[in-house]
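Q: here is a sequence with its predicted model. Questions after.
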Amino acid sequence: MDKVEYARDIVARMMARDAFSRWMGIEVMEARPGFCQLQMCIREEMLNGFDIAHGGIAYALADSALAFASNGHGRKAVSVETSISHTQPLRAGDTLIATAEEEHLGDKIAIYRVRLHNKAGEIAAIFKGVVYRTSQVW
């Protein structure tokens with residue numbers, strides 16, 4: 001199994017155990033070591049009192065993309081610091097795409113940037129995640 005197939009296998013195993021990501025309706029578009037692209041559709045029950053997606057929805061999608069990208073190297077990784085900046089409101093029916101890309105890969109610490117955009121290509125949020133890379137392998 002090559003590195004890309006291994007990363008896809010890890011993501012599939014993670015998704016199989018990730019009830020929250022499945023509840024959100026997340027679909028894996030692409031996965032490879034240090035990279036992951038996911039998409040989902042915003043549903044009515046994800047809206048807040050302003051009739052826009054609750055900020056936690058975009059955050060959760062980005063967090064899943066971070067997890068899949070960082071674990072795709074074959075070592076178990078967990079987030080230690082994350083932040084998000086919301087730039088566009090999301091509404092029911094909108095498709096949200098998250099693209100996680102590795103910016104730094106160290107022995108213990110890795111840094112990722114996740115860009116979330118809608119189908120029109122407009123940036124809806126930018127997320128930064130730092131993970132701790134354990135010595136445990138998948």
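A: Ah, there it is.

Q: and the spatially most central residue of the chain, how far from Val80?
A: For the chain, the residue nearest the mean C-alpha position is Ala65 (1.6 Å; C-alpha atoms, centre = their mean). Look at Ala65 and Val80: by C-beta to C-beta, to the nearest Å, they are 16 Å apart. No exception for glycine: its C-beta is placed from N, CA and C like everyone else's.

Q: returning to what we had before: please, which helix or strand holds the residue nearest to the centre of the chain?
A: Assigned by DSSP states H and E, Ala65 belongs to helix 55-71.

Q: on that earlier part again, pretty sure the residue nearest to the centre of the chain is in contact with Gln39, am I right?
A: No: applying C-beta atoms under 8 Å as the test, Ala65 and Gln39 come out as separate, 10.0 Å apart.

Q: can you check which residues contact both of these two?
A: By C-beta atoms under 8 Å, 6 or more residues apart in numbering, Ala65 and Gln39 have these common neighbours: Ala98.
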